[in-house]
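Undergrad: got a structure for you, letters missing:
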Ligand code: GLU
């Protein structure tokens, strides 16, 4: 079977070198096996996504010489598909509306922490007659969902990892301000696009526990995962847009030769000051 990989950036800023490493891995994995490399724009976060960053992403990938196959897919154009999946999960009694604010949850001092911060204490889990005219999110009843799905695992670099979605508690699948969460949209899209292999940073390793559960609940196939080490800068900080990591646009403006950069990355060499995090 020819593999299908993807690069799925959120247009919340310009791409940095960490994105280049991720996109290159996904691109080369497909190209070396005569497969396809897709580009998906994850633009469903209304507060953070900006159309101008999509142009920046396209410009940066073309500068690196990474061409994708087929049309660009925008998550913002797929909202009805996410809504349909939510209805299906609701129909199975696996979701409940949640009216809590972040402050409500933070105030619940007993809340233990999971991979994504405070585990939701379940305040809204058994409301007798929720008023759906008030702003609400939809949460997955994790205990019920995990029991229904049974034991699950996925292959990461060929090593079997047991999924432990319970560690996340009742995750949000539709936010008050966005019709689908990252977890739901990414799981549905990877399946719809026939993605067989997911190369992405280890910062998303934990999220895979939830994605694997959603695949089981929605009857979707499980791709093979290749979570890669994250890039750190000279200060040992992980590259992230919000930490003002030098962007690919800045490297270009400084006269970096993209072919030489990509050739070095392919040999596993990073520009001075960068390294790969151990964990
Ligand atoms: N959109 C996510 C991000 O930019 C990546 C999603 C994924 O690769 O699964 O962090």
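TA: Done, it's in. Since this is a predicted model, take the numbers as computed values, not measurements. Residues are numbered from 1 along each chain as shown.

Undergrad: residue 163 and residue 24, how far apart?
TA: Look at residue 163 and residue 24: by Cβ to Cβ, to the nearest Å, they are 28 Å apart. Where C-beta positions appear, they are placed from N, C-alpha and C, glycine not excepted.

Undergrad: same check on residue 267?
TA: According to Cβ to Cβ, residue 267 stands 12 Å off from residue 24.

Undergrad: do residue 45 as well
TA: Residue 45 is 25 Å from residue 24, by Cβ to Cβ.

Undergrad: also residue 264?
TA: Counting by Cβ to Cβ, the gap from residue 264 to residue 24 is 11 Å.

Undergrad: how about residue 94, what does it touch?
TA: By Cβ atoms under 8 Å, 6 or more residues apart in numbering, the contact list for residue 94 reads 140-141, 144-145, 148, 217.

Undergrad: between residue 264 and residue 24, who's got more neighbours?
TA: residue 24 (20 against 13; other Cβ atoms under 10 Å).

Undergrad: and the pLDDT for that one?
TA: At residue 24, the model reports a pLDDT of 98.

Undergrad: pretty sure it sits against residue 65.
TA: No. Here residue 24 lies out of contact with residue 65, judged by Cβ atoms under 8 Å, at a distance of 9.6 Å.

Undergrad: overlap in contacts of these two?
TA: Joint contacts of residue 24 and residue 65 (Cβ under 8 Å, 6+ apart) are residue 262.

Undergrad: how about the residues of the stretch 101-250 of the chain that lie near the ligand?
TA: Contacts of the stretch 101-250 of the chain with the ligand, taken as Cβ under 6 Å from any ligand atom, map to 186, 200, 204.

Undergrad: can you get me a residue count around the last one?
TA: Pointing back at residue 204 there. The tally of other residues near residue 204 (other Cβ under 10 Å) stands at 16.
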